[in-house]
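[1] Model the structure of this input:
(one chain, ligands or ions: 3)
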Amino acid sequence: MSYKCCKYIHGGIAFRHDAVSLCNKLCGTKRYEKFNIPYTGNFYEKFIEVREEAIENCKKGILPHEGCLSCPYVEDKEWDDDTRFREIEITHWVHCNCSCCYCAMLPVTKGKKTIFKMNSPYVVLLPVIKRLLKENRLHPNAFFSITGGELTMLKEFPDIMKLLLKQPGTSYGFCLQTNGMKYEKLLSKAIEKDNRTTIVISVDAGSPELFKLIKKRDTFKDVINNLKHYLKDAKKCGREDKIVSKYIIVPNVNDKKEEIDKWIKICKDIGIKTLQPSIEFCSQVVNPGTFKESQGVLYHYMKNQIQANGFKMITYDFLETIINNKSFDITIKN
Ligand SMILES: C[S@@+](CC[C@H](N)C(=O)[O-])C[C@H]1O[C@@H](n2cnc3c(N)ncnc32)[C@H](O)[C@@H]1O
Ligand code: SF4
Ligand code: SF4
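    Ligands and ions are numbered 1, 2, ... in the order given. Down below sits the predicted model:
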């Protein structure tokens, strides 16, 4: 059946620190409040009800809220009848073992501690994931994005991962975003299982000094060693290109060509095949409100260097829009 919808309404579920949500939009207009169901009482049933209503409304030609009208994720196409969850996001914000100067949680953690425990008493994911499996609500080729805080510090993570990896008749893909300070062999197991899986480590520096300034921890060498470890694991199944090193350009911190060059050289020396250039886009953290042009200039420099050095490159699709429009609002048309 053909209608206007987005992949998140059709098959998305996002576990955030304070609520389970339908809209996974990364930046731009605000997420629709009605789609955020706090983890209290019968939140699971409420969520299922809200999404079913949203899908039915889309079929009738009604998008759920005005933010959706200008959202780049809306597509007018043939949507299949299988509305099991295919896009699962886990943004738990429970623990982290460092304190990056650009972290979206900085306004909460105030950057005072290197290990923080977040305000997330309700995030208990394992029972919900077990229920989704029992009720056959997960698509057999679902894709999981596991992100902030730090997945290697999340106590439930090993049990969740083991449970998902052993499901018969499934092949789940994962985007596993980690700061790389702690090695976790289950990440390599996930790479072995599905060729969509990536391990993304945000290095953000080419030297231990700058790394320490950004992360408040002196663990640059550990991160590089762990990258090597993951590369060695991935080599066994011919998937070294799934280990990604990332650099987020933060104005007045690491916005230096020499540092970018050093990062690229180190990545090349240790055998990284794929790089991800990025810019700091949670503008309330380091870069309040306004887009800094230096980010755009350096982003393009970084892209050129990555390509000139023969790496594969992955990027967020909305970064070009931010840079072209000089605005973090991705709903503004070019
Ligand atoms: C919130 S982090 C959590 C995962 C993990 N702790 C890490 O830092 O890689 C998820 C991803 O978002 C990126 N990120 C965090 N804050 C950002 C910001 N202000 N602007 C752009 N990317 C950011 C991180 O580099 C990471 O790749
Ligand atoms: S705002 Fe965009 S991503 Fe969120 S529900 Fe609406 S169309 Fe989907
Ligand atoms: S490692 Fe990730 S979660 Fe931790 S402070 Fe840095 S960006 Fe935030």
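[2] Surely residue 41 is in a helix?
    No: under the criterion used here (DSSP: H, G, I helix; E, B strand; the rest coil), residue 41 is coil, not part of a helix.
[3] Ramachandran angles for it?
    Main-chain dihedrals, residue 41, degrees, to the nearest 10: phi 50, psi -130.
[4] In space, what's closest to the residue nearest in space to the middle of the chain - neighbours in sequence excluded?
    With the centre of the chain defined as its mean C-alpha position, the nearest residue by CA atoms, centre = their mean is residue 147, 4.9 Å away. In this structure, residue 147 finds its nearest non-sequential neighbour in residue 177, 4.6 Å apart by CB to CB, 6 or more residues apart in numbering. C-beta here means a position set from N, CA and C on the backbone, and glycine is covered the same way.
[5] ok, now which ones touch the residue nearest to the centre of the chain?
    89, 90, 91, 175, 177 (CB atoms under 8 Å, 6 or more residues apart in numbering).
[6] Scan the residues you listed and report the most crowded one.
    residue 90 (22 neighbours; other CB atoms under 10 Å).
[7] Would you mind stating the distance between it and ligand 3?
    13 Å (CB to the nearest ligand atom, to the nearest Å).
[8] can you give me the end-to-end distance of stretch 268-278?
    18 Å (CA to CA, to the nearest Å).
[9] do it and ligand 3 meet?
    No: Stretch 268-278 stays clear of ligand 3 (CB under 6 Å from any ligand atom), getting no nearer than 11.6 Å.
[10] Now the one residue in the stretch 151-300 of the chain that gets nearest to ligand 2. Its backbone dihedrals?
    Of all residues in the stretch 151-300 of the chain, residue 281 sits closest to ligand 2, at 16.3 Å by CB to the nearest ligand atom. For residue 281, the backbone dihedrals (degrees, to the nearest 10) come out as phi -120, psi 0.
[11] Equivalent analysis for residue 62, please.
    Torsion angles, degrees, to the nearest 10, at residue 62: phi -110, psi 110.
[12] what about it, neighbour count?
    If you count neighbours by other CB under 10 Å, residue 62 ends up with 12.
[13] Report the beta-bridge partners for the residue of the stretch 101-250 of the chain found nearest ligand 2.
    Closest approach between the stretch 101-250 of the chain and ligand 2, counting by CB to the nearest ligand atom: residue 145, at 13.7 Å. Note on residue 145: beta-bridge partners by DSSP bridges are residue 89, residue 175.
[14] can you pull the contacts of it?
    24, 87, 88, 89, 90, 174, 175, 177.
[15] Also residue 197?
    Here residue 197 is in contact with 173, 174, 175, 176, 190, 191, 242 (criterion: CB under 8 Å, 6+ apart).
[16] Where do the strands of the stretch 51-200 of the chain begin and end?
    Assigned by DSSP state E, counting those that start in this stretch, the strands in the stretch 51-200 of the chain fall at 74-78, 85-90, 95-96, 116-117, 138-146, 173-178, 198-202.
[17] what's the first one in contact with?
    Translated: strand 74-78. Under CB under 8 Å, 6+ apart, the answer for strand 74-78 is 1, 2, 3, 4, 5, 6, 7, 63, 68.
[18] Filter these down to the buried ones.
    Among those, those classed as buried by 16 or more other CB atoms under 10 Å are 3, 4, 5, 6, 63, 68.
[19] and of those residues, the nearest to ligand 1?
    The closest of the buried ones among the contacts of strand 74-78, once distances to ligand 1 are taken by CB to the nearest ligand atom, is residue 6, at 21.1 Å.
[20] The closest one against residue 68, yeah?
    Yes: shown here, residue 6 and residue 68 form a contact pair, counting by CB atoms under 8 Å, at 7.1 Å.
[21] Where do the domain boundaries of this structure fall?
    2-78, 85-325 (automatic domain parsing).
[22] Quick one: the helices in the chain, in order.
    All helices of the chain, identified by DSSP state H, fall at 7-11, 43-59, 66-69, 106-109, 126-134, 157-165, 185-193, 208-215, 220-235, 257-270, 293-308, 318-325.
[23] Name the stretch among these that sits most buried.
    helix 7-11 (a mean of 22; mean count of other CB atoms under 10 Å).
[24] ok, and what's touching that one?
    Under CB under 8 Å, 6+ apart, the answer for helix 7-11 is 14, 22-25, 51, 54-55, 58, 64, 73, 75, 79, 83-87, 139.
[25] Of those, keep whichever come out buried.
    14, 22-25, 51, 54-55, 58, 64, 73, 79, 83, 85-87, 139.
[26] quick one: low-confidence ranges for the stretch 201-334 of the chain?
    The stretch 201-334 of the chain contains residues with pLDDT under 70 at 283-289, 329-334.
[27] Please repeat the previous calculation with a cut-off of 90.
    251-252, 280-295, 316-334 (pLDDT under 90).
[28] How about the residues of it by ligand 1?
    202, 246, 248, 278, 280, 281, 282, 285.
[29] From residue 313, how far off is the fourth one?
    This means residue 278. 11 Å (CB to CB, to the nearest Å).
[30] Which of the two has more residues huddled nearby?
    residue 278 (21 against 13).
[31] neighbours of the residue lying closest to that one once chain neighbours are set aside, just the number please.
    Spatial nearest neighbour of residue 278, chain neighbours left out: residue 248 (4.6 Å); criterion: CB to CB, 6+ apart. If you count neighbours by other CB under 10 Å, residue 248 ends up with 22.
[32] Great, nothing more from me.
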